[in-house]
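*Asks:* take a look and give me a structure for this.
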Amino acid sequence: MGRALRWASVLCVVIAVCEATDLYVSSGDGDDAADGSARSPFKSIARAQTELRALSRPLQETATVWIAPGTYAAPLEFTPEDSGTSAALPVVFRRDPDRGGDDDRVVVSGGLRVTGWSKGGKTTGGNQIWTASLADGTEYFRQLWVEGERRDLSRTDDGTYLECDNTYVDINGTALSSVNLHNFDDVEIGLYESWTLGYHHMSSITHSGSNWHVVLKNPFNCKYGRDSGGQRFFFQNIFEALDSPGEFYYDRESRVLYYVAMDGEDDMNKLDCVVAQHTYLLHGSGVPTSTSYVEYVHFIDVTFEYAEVEADPCFDSYCNSQSASFLTTAAVHLYWCRNWLLSHVVIAHVGGYGVWLQQGVFDSIVEYSHIFDLGAGGVRVGPPASGVESRTAWRVVSNTITDCVIEDGGYYYKMGVGVFAQQVQSLTVQHNEIYKFYYTGVSVGWTWGYADTSVSDNLVAYNEIHSIGMGLLSDMACVYTLGHQPGTVIRNNECYDVDSYGYGGWGLYTDEGSRDIIMRDNLVHHTKCAGYHQHYGTDNTITNNVFAYVDQLGTDGAFRSSQWAGQCNQTNPNGCCASFSFTKNVLFVQDGSMVGEPRNEGFKNMTIDYNTYWNVEDGYNAKFLGNNFSTFQKSSGKDAHSQLSDPLFKDAAHDDFALKSDSPAFALGFKALDLSTVGPRDSAGATALVSACCLLLALAACLL
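*Replies:* Okay, here's the model as predicted:
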């Protein structure tokens, strides 16, 4: 109720009991020389901003910009002078429901429409190539959409390189027809490592026979590119590989766009073709040196689309960073902002992350929104630093990502994450559906090892997270954590369909230095590897979870740890620690070992008990590190009160993993999971509550 009251005014169409400033914008029939009234609207959102900035501050009334359906130019820039006064007196930008139909959209676009197509030649396979000349001054781009569908940058098939170092790779020359490539400086070689895919420009390619030596301009993490990365590579943005329907190539020198038409694309001049020209579409930026925030700004029912790939941070330095953390902006990028609301927005067709709540962002909400077709990930939260931020004002505190659909990422930077939270406090990620990411669903924390951090009290709850990995990268999970974060709780989530390229297709994953984290009441099913894995950490609690049909590879165990017994802290690496407590869980596999092979004495400092195990194929003959259950109990000193027994799911064959009333797990203290509200909720109920509170809030604002 408190949060609904706080944001009540944003969903009121008119607060009739108070004075209000209402401005109107229409890209179709507006004029920036007009007065901004309903009868004489402005043409641009920027013009409405100028008008609002002229009002005396602090605002004594709500200011609303009513935007007619249409397309508006990006980027939009917001500074402290664009701020509202309070939750009751915000500045609101929203679609005008009285203009256009329900399906008509307000679109803030960074796109450029491509016209003037002509037929060129044909590929060796007989596919039609179309060409279009772009105007002088067109920004270089790496993305193309036809009728709103993303097309592919020209590329070769994946190959396997022979050898690598941080500065070169040796490949079999059959991947290329010649070393004399068109626009050589624009050609990119993509190199996989375990959990990333980095792009590199090349200094040179030389060859001796079939062995071609490729010298890289920016460094490569060769260590993790060999076995675990599969030694995979490909070339892209290469004119010589333009051969498959749906591929394109933009020639920087001639400013000609080449495109291989797909079936049914008989006349490109009749299709909507768009390239992106800006790396961000909305930027809110306060002034940290004067603690001047951009605050109380709301966007409601607005679409942001077509943002370009941010490539310079990749090619100018190191492109193998986890989660594409080298990126410096996002389609909607807030820095030094407070009390923002993004409600019922759409963010789509972008080259990096959809949203970034960066340094100094407090008390902001992203809700009931759809974020999809992403070059990297969905929502990024927190500054790109590890350890404790010395300037506490730079912290990112009390933000919420709720009731959103976040999907379909990693189109350029494959390691993008659905929700990527770095140095954050009191972040809530709840009731979202997060799916189709090549790396991880939700990542929380950004400190490796046991150093102090500023991360704490985060909640990841009631999310449906699925279709993670999709066989491309490794070392991933639905929910992944790093570092010390007391008070962080991961609960009541459903995680399924995790498929890594090699190792590490896990459900829940406490990675390096994860500490004081609780993971409870989650349902994890159909993962390639273990349902739960800890690399190393201390004092984590894993309890009352269901892990069903996990370790489908059959070699990882239902849960496992990579922790050495003495790997406990930086100052005393050989000291004893409480690695994790693993109790009252239900573990159910089709085949294979119930427990993953630990490192030397890896279970020594772990509490493992009151669990229910079952192996469909082996039944009571299930193996625990090569032994039967009773032998494992005696030799390990673990699971003294646990049981090997069918947990009696209601219908496991159809993914109903609720327990029957006579399940033996209940006798060991397991509590039935509440997953009834997993995923996004209908916004109608919240809207009704807000409407009921709206008048009261408005009256209160008038009396102040």
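
*Asks:* from H283, how far off is W336?
*Replies:* The spacing between W336 and H283, counted by CB to CB, to the nearest Å, is 11 Å. Where C-beta positions appear, they are placed from N, C-alpha and C, glycine not excepted.

*Asks:* quick check: which ranges of this structure have low pLDDT?
*Replies:* Low-confidence segments of the chain, defined by pLDDT under 70: 1-19, 386-394, 565-577, 600-602, 685-704.

*Asks:* again, only using 50
*Replies:* Scanning the chain for pLDDT under 50 picks out 1-17, 390, 573-574, 690-691, 693-695, 697-699, 701-703.

*Asks:* just the helices in it please.
*Replies:* 2-6, 45-53, 312-315, 629-636, 683-703 (DSSP state H).

*Asks:* bridging residues for the nearest residue to A261 once chain neighbours are set aside?
*Replies:* In this structure, A261 finds its nearest non-sequential neighbour in Q128, 4.7 Å apart by CB to CB, 6 or more residues apart in numbering. Taking DSSP bridges, one obtains K122 as the residues bridged to Q128.

*Asks:* Q128 touches Y258, doesn't it?
*Replies:* No - the criterion here is CB atoms under 8 Å, and Q128 misses it with Y258 at 11.1 Å.

*Asks:* joint contacts of those two?
*Replies:* Common neighbours of Q128 and Y258 are listed as G120 (criterion: CB atoms under 8 Å, 6 or more residues apart in numbering).

*Asks:* how far away is the spatially most central residue of the chain from V297?
*Replies:* Geometric centre of the chain, nearest residue: G418, 2.1 Å, by CA atoms, centre = their mean. In this view, G418 and V297 are 25 Å apart by CB to CB.

*Asks:* same question, N628
*Replies:* From N628 across to V297, the span is 63 Å (CB to CB).

*Asks:* coming back round to it: what sits against the residue nearest to the centre of the chain?
*Replies:* G418 touches 377-379, 406, 409, 432, 434-435, 437, 440-442, 465, counting by CB under 8 Å, 6+ apart.

*Asks:* in the sheet, who's paired with the spatially closest residue to H525 that is not a sequence neighbour?
*Replies:* If the residues on either side of it in the chain are set aside, H525 comes closest to A548, at 4.2 Å by CB to CB, 6+ apart. For A548, the beta-bridge assignment (DSSP bridges) gives partners H525, F588.

*Asks:* how many neighbours does A548 have?
*Replies:* 25 (other CB atoms under 10 Å).

*Asks:* surely it meets N522?
*Replies:* No - A548 is beyond contact range of N522, at 11.2 Å (criterion: CB under 8 Å).

*Asks:* ramachandran coordinates for the nearest residue to S562 once chain neighbours are set aside?
*Replies:* Among residues not flanking S562 along the chain, H535 sits closest, at 4.9 Å (CB to CB, 6+ apart). For H535, the backbone dihedrals are phi -70, psi -70 (criterion: degrees, to the nearest 10).

*Asks:* can you pull the buried residues of stretch 92-105?
*Replies:* The neighbour-count check on stretch 92-105 (16 or more other CB atoms under 10 Å) flags 92-96, 99-100 as buried.

*Asks:* list the contacts for the nearest residue to P383 once chain neighbours are set aside?
*Replies:* Leaving out its chain neighbours, the residue that sits closest to P383 by CB to CB, 6+ apart is Q359, at 4.6 Å. Each residue near Q359 by CB under 8 Å, 6+ apart is listed here: 288, 335-336, 383, 394, 396.

*Asks:* please, a PyMOL command that selects the buried ones among the residues you listed?
*Replies:* Buried residues within these, by 16+ other CB under 10 Å, are selected in PyMOL with:
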select buried, resi 335+336+383+394+396
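
*Asks:* out of the contacts of Q359, which one sits closest to D457?
*Replies:* When those are ranked by distance to D457 (CB to CB), V396 comes first, at 12.3 Å.

*Asks:* how close does the closest one sit to E188?
*Replies:* Counting by CB to CB, the gap from V396 to E188 is 33 Å.
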